[in-house]
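*Asks:* coordinates for the following, if possible.
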Amino acid sequence: MCVLCCVVLCWVQKKRHRQLRTILCGRCRSLSHGQMVTAVCGHGGYPGGKQFVSAEELREKLSHLCHEKVLIVKLVDIIDFNGSFLARIRDLAGANPIILVITKIDLLPKGTDLNCIGDWVVEATTKKKLNVISIHLTSSKPLVGIAGVISKIQKEKKVRDVYILGSANVGKSAFVNALLKII
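*Replies:* You can find the predicted model right below:
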């Protein structure tokens, strides 16, 4: 198939899925085209699939981060803080700065004191001995706190690459889509 045919076919598929004005990451693009995507074995996926990588393989692929100067945006689900905080994140991050983004605050009960939540997160994070430079309480759907994260990323990025890390179902795709809506 020629390049022009591929472009037209891609446009037709994006139109069919109402994604013409949507920027998709590689994973979402593959999913929208009915393709299997790589997933981490043992974390909600079928362990016998060919497209799955083990947690060790994923960790190995990201092991270079601790030796490079990067900015890490770490997403954690407020509803499952400890469960969604990646184990051994310090091994991956090294001394690199981390912007900690707490997601899904809209799911907290109404009237929750966000200052208390913020203090609790600071205390819990301090125990993990990470180089956290800022903490942001966010909700991607109503875009709460997203502008503050963008501002901090732009301030701290400098010439470094930015990596968005988070466990499964923490809201990485929703967060990236929220970033794209504001930028």
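
*Asks:* so residue 152 sits in a helix?
*Replies:* Yes - per DSSP: H, G, I helix; E, B strand; the rest coil, residue 152 lies within a helix segment.

*Asks:* isn't it right next to residue 99, touching?
*Replies:* Yes - Residue 152 lies in contact with residue 99 (Cβ atoms under 8 Å); the separation is 5.5 Å. C-betas here are computed from N, CA, C, even on glycine.

*Asks:* what about these two, which has more around it?
*Replies:* A count of neighbours by other Cβ atoms under 10 Å puts residue 99 above the other of residue 152 and residue 99, at 23 against 19.

*Asks:* correct me if wrong: that one contacts residue 75.
*Replies:* No - judged on Cβ under 8 Å, residue 99 makes no contact with residue 75 at a distance of 9.7 Å.

*Asks:* may I have the phi/psi pair for residue 159?
*Replies:* In terms of degrees, to the nearest 10, the main-chain angles of residue 159 are phi -110, psi 10.

*Asks:* okay, it and residue 176: tell me how far apart.
*Replies:* Remark: distance between residue 159 and residue 176 (Cβ to Cβ, to the nearest Å) = 21 Å.

*Asks:* which of these two has more neighbours?
*Replies:* Using other Cβ under 10 Å as the criterion, residue 159 and residue 176 rank with residue 176 on top: 18 against 5.

*Asks:* could you give the separation of the helix or strand where that one lies from the chain centroid?
*Replies:* Using DSSP states H and E, residue 176 sits in helix 172-182. Remark: helix 172-182 is offset 9 Å from the chain centroid, using Cα atoms, centre = their mean, to the nearest Å.

*Asks:* which parts of it are buried?
*Replies:* 172-179 (16 or more other Cβ atoms under 10 Å).

*Asks:* also stretch 119-126?
*Replies:* 121, 125.

*Asks:* so which residues make contact with it?
*Replies:* Residues outside stretch 119-126 that contact it (Cβ atoms under 8 Å, 6 or more residues apart in numbering): 81-82, 100, 102, 132, 135, 137.

*Asks:* so which of the residues you listed belong to helices?
*Replies:* 81-82 (DSSP state H).

*Asks:* any shared contact partners between residue 152 and residue 99?
*Replies:* 133-134, 136.

*Asks:* most surrounded residue in these?
*Replies:* Busiest of the shared contacts of residue 152 and residue 99 [other Cβ under 10 Å] is residue 136, holding 23 neighbours.

*Asks:* quick one, strands of this structure?
*Replies:* For the chain, applying DSSP state E gives strands covering 39-40, 52-53, 70-77, 98-103, 132-137, 161-166.
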